[in-house]
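**Q** Pasted the sequence and its predicted model underneath.
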Amino acid sequence: MRTDLTIKIHLVWTRTRQHLADRLEAMRREPDAGYTTETVVITALLVLMGIAALGILAAKVADKANSLNF
């Protein structure tokens with residue numbers, strides 16, 4: 001015997017599976033649809049890595065400059 005909760009869980013599961021199936025079908029029809037998103041993510045990661053490298057470099061230069069005695 002199904003309870004109210006199991007019916008709701010089944011309904012959500014069914015709708016989720018259908019939504020994912022629809023999205024997968026849309027991706028198959030337009031294989032280049034995710035290219036722009038991928039490019040933005042990769043560009044953002046490269047920018048973050050560059051900022052991190054600059055931060056490390058600036059910290060090392062500042063430490064070296066502060067350690068100099070005149």
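**A** Cool, got the structure.
**Q** pLDDT score for residue 30?
**A** pLDDT recorded at residue 30 is 80.
**Q** tally of neighbours for it?
**A** Neighbour count for residue 30, taken as other Cβ atoms under 10 Å: 9. The way it works is simple: take the backbone N, C-alpha and C, and place the C-beta from them, glycine included.
**Q** ok now do it, which residues does it touch?
**A** If a contact means Cβ atoms under 8 Å, 6 or more residues apart in numbering, then residue 30 has no contacts.
**Q** need the longest helix for this protein.
**A** The longest helix of the chain (DSSP state H) is helix 35-67.
**Q** Where does residue 31 sit: helix, strand or coil?
**A** coil (DSSP: H, G, I helix; E, B strand; the rest coil).
**Q** What's the separation between it and residue 43?
**A** In this view, residue 31 and residue 43 are 21 Å apart by Cβ to Cβ, to the nearest Å.
**Q** and what of residue 32?
**A** In terms of Cβ to Cβ, residue 32 sits 17 Å off from residue 43.
**Q** and if you look at residue 67?
**A** 37 Å.
**Q** Which of those two has more residues huddled nearby?
**A** Between residue 67 and residue 43, counting by other Cβ under 10 Å, residue 43 is the more crowded of the two (10 against 7).
**Q** can you pull the contacts of that one?
**A** Applying Cβ under 8 Å, 6+ apart, no residues contact residue 43.
**Q** separation between it and residue 36?
**A** Applying Cβ to Cβ, the value for residue 43 to residue 36 is 11 Å.
**Q** next one: residue 42
**A** Distance check for residue 42 against residue 36: by Cβ to Cβ, it reads 11 Å.
**Q** Closest to the centroid, which residue in the protein?
**A** Central residue of the chain (Cα atoms, centre = their mean): residue 41, 6.8 Å from the mean position.
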